[in-house]
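Can you look at this prediction? I've put the sequence above it.
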Amino acid sequence: MNSNLQPRKDIQKKKTAAKLPPGQRLVRSFTLASVVVLAQGWLTLKGQNQLKILEPPTAVTIAAPFELGAEQKDLETQIKNLALNKPLRVGAFAIDPQTGNYIDIDGKGQFCAASIIKLPILVSALRAIDKHQLDPKKLLTIRADLVTGGSGHLQWQPVGTKVPLMETLRLMMVFSDNTATNMIIDVLGGKEILNKDFKTWGLAQTKINNFLGDFTGTNKTSPYDLVYLLGRVDRGELISKESREWMLGVLKKTRVRTLLLPGLGPGAQLAHKTGDIGIMVGDAGIVTTSDGKKYYVAMQVERPHNDLRANALIKDASKLLYGRLANYSEIAEIKANQNLSKQ
C-alpha cells in the first residue's frame, strides 16, 4: 500500500477524541450531574451537622414568678456572719413576692439536694395526673430494685405490696420515704424524663443523677431553683388548682420541723420540704404569717459530716428572715416616722 495513503497521526487522534453519539452524551451528562449534586448535598449536610455541634443548647427563657426589688444586703451580711469561723457553705434565697425585697447568698450555686429533690419530683407527678398521663387511683408495686434505706417505712413492707399512688406521694413528702420516692421516679419514666421536666420549667441547677437514697449527695439543686419552683406553683402555674391545694396541704404536714419552722413567729404556717444527709442539710418552703403575709425561702448548708452547726444556722437565719420579710411594712413605716421626726 502506498505510504501516502496511510492515515495521519493527528487524524487518528481526532478519531479517538471524536464526540460520542447524542444518546451517550446525555447519559454521561446525567451521570456527572448526579455525582455533583450528591457531592454538594453531602458537603452541605456535613456543614450543617458541624454547625449544630458548634451551636450552644437553646436556653429556657421563662418569666420569673416574682420581680426582684431591693436586695437586703445588710440581712445577707447578718446571715453570713452566722457562718463565720465555721466550715459551712451557705446557700440561701428568699423573697417577698409583694415587695420584691430579697436576699441572695450563692442562691444560684449548685448544692447537694438530699430529700429536697422530692419537691420537684412531686410537681412532676401532679402534672402527669393533671394531664391524664397518670391515674391517681393507680396502685404501685414495691419492687426489690426500688427498695432503699434511709427515711420512710415502705422499705420494711414485703416486696410485691401494692400502694396507692396518692398515698405513695404523701409518704414521699410527709415522711420523706426514699422507697416511695423511687417508686414515683419509676412510674414517671425514670431520671431522664424528670430531668427534662426540670429543664423545661427553667430549673437550671436541678438534676437527678441517682435514685434515692442518695447519701453521697449526687442529686443537685439550688436555693433559687427551689424558690422559683415554689413561686410558679403558688402563682397558679405548672399544676392545677386542685393539685396545688393538695400539694400545699401535704407540705404543711412535713414531719421534720426543726429547721425553718422554729424561726417563725406565732401563728405562722410553713409549707415545706427538708433534706438531711451527712454533708448537707436544707429546707425550702412558703411561709405565711398569721395576718396572711407570704414569702418564699430556701436554705441549703453543706457541712462536715452531720455537723449540727448547720442546723442551728438555718434556724437562726430563719428568725432573721422572718423579722425582715414578714414585718417589712412595719419596719418601713417606723423608718418613715423617724425621718419625719428629724425634719
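Now that the structure is in, tell me what you want to look at. Numbering: from 1, shown residues only.

Which secondary structure state does H132 sit in?
With DSSP: H, G, I helix; E, B strand; the rest coil as the basis, H132 sits in coil.

Any idea how many residues pack against it?
8 (other Cβ atoms under 10 Å). Glycine gets a C-beta too; all of them are placed from N, C-alpha and C.

Could you measure from it over to G213?
31 Å (Cβ to Cβ, to the nearest Å).

Likewise for T200?
In terms of Cβ to Cβ, T200 sits 26 Å off from G213.

Which of the two has more residues huddled nearby?
Neighbours were tallied for T200 and for G213 using other Cβ under 10 Å; the higher tally belongs to G213 (21 against 10).

List the contacts of the residue nearest to the more buried one when sequence neighbours are not counted.
The spatially closest residue to G213, leaving aside those adjacent along the chain, is G150, at 3.6 Å (Cβ to Cβ, 6 or more residues apart in numbering). By Cβ atoms under 8 Å, 6 or more residues apart in numbering, G150 lies in contact with 178, 212-213, 215.

Likewise for K253?
Per Cβ under 8 Å, 6+ apart, neighbours of K253: 173-174.

Could you report the distance from it to P120?
19 Å.

rewinding a little: mind pulling the model confidence for the residue nearest to G213?
Looking at G150, its pLDDT is 92.

and the nearest residue to I239 once chain neighbours are set aside, helix, strand or coil?
Excluding the flanking residues, the one nearest I239 by Cβ to Cβ, 6+ apart is L126, at 4.6 Å. Following three-state DSSP, the label given to L126 is helix.

same deal with the one 10 residues further on?
For P136, the secondary structure call by three-state DSSP comes out as coil.

I figured it was touching M166, is that so?
Yes. With contact defined as Cβ atoms under 8 Å, P136 and M166 form a contacting pair (5.5 Å).

May I have the residues that are in contact with F211?
Here F211 is in contact with 146, 148, 181-182, 185, 191 (criterion: Cβ under 8 Å, 6+ apart).

again, only using 6 Å
N182 (Cβ atoms under 6 Å, 6 or more residues apart in numbering).

From F198, how far off is it?
Counting by Cβ to Cβ - F211 and F198 are separated by 16 Å.

go on, V90?
In terms of Cβ to Cβ, V90 sits 23 Å off from F198.

on contacts alone, who are the packing partners of the helix or strand encompassing G249?
Using DSSP states H and E, G249 falls within helix 241-251. For helix 241-251, the packing partners by 3 or more Cβ pairs under 6 Å, 6 or more residues apart in numbering; DSSP states H and E come out as strand 269-277.

what angle separates the strand it packs on from helix 241-251?
Orientation check (axes from the mean of the first three to the mean of the last three Cα atoms, to 10 degrees): strand 269-277 against helix 241-251 gives 60 degrees.

okay, strand 269-277 in PDB with CA atoms only?
Only the C-alpha atoms of strand 269-277 are listed here, as PDB (Å, rounded to 0.1, in the frame of the first residue of the first chain):
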ATOM      1  CA  GLN A 269     -47.500  28.400 108.700                       C
ATOM      2  CA  LEU A 270     -44.800  26.700 106.700                       C
ATOM      3  CA  ALA A 271     -45.500  24.500 103.600                       C
ATOM      4  CA  HIS A 272     -42.000  23.000 103.000                       C
ATOM      5  CA  LYS A 273     -39.700  20.100 102.300                       C
ATOM      6  CA  THR A 274     -36.500  19.400 104.200                       C
ATOM      7  CA  GLY A 275     -33.400  17.500 103.200                       C
ATOM      8  CA  ASP A 276     -30.800  16.000 105.500                       C
ATOM      9  CA  ILE A 277     -27.700  13.800 104.700                       C
END
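
Which strands border the very next helix or strand once past that strand, and is each parallel or antiparallel?
Next helix or strand after strand 269-277 toward the C-terminus (DSSP H and E): strand 280-288. Sheet pairing for strand 280-288, assigned by DSSP bridges, gives strand 269-277 (antiparallel), strand 294-302 (antiparallel).
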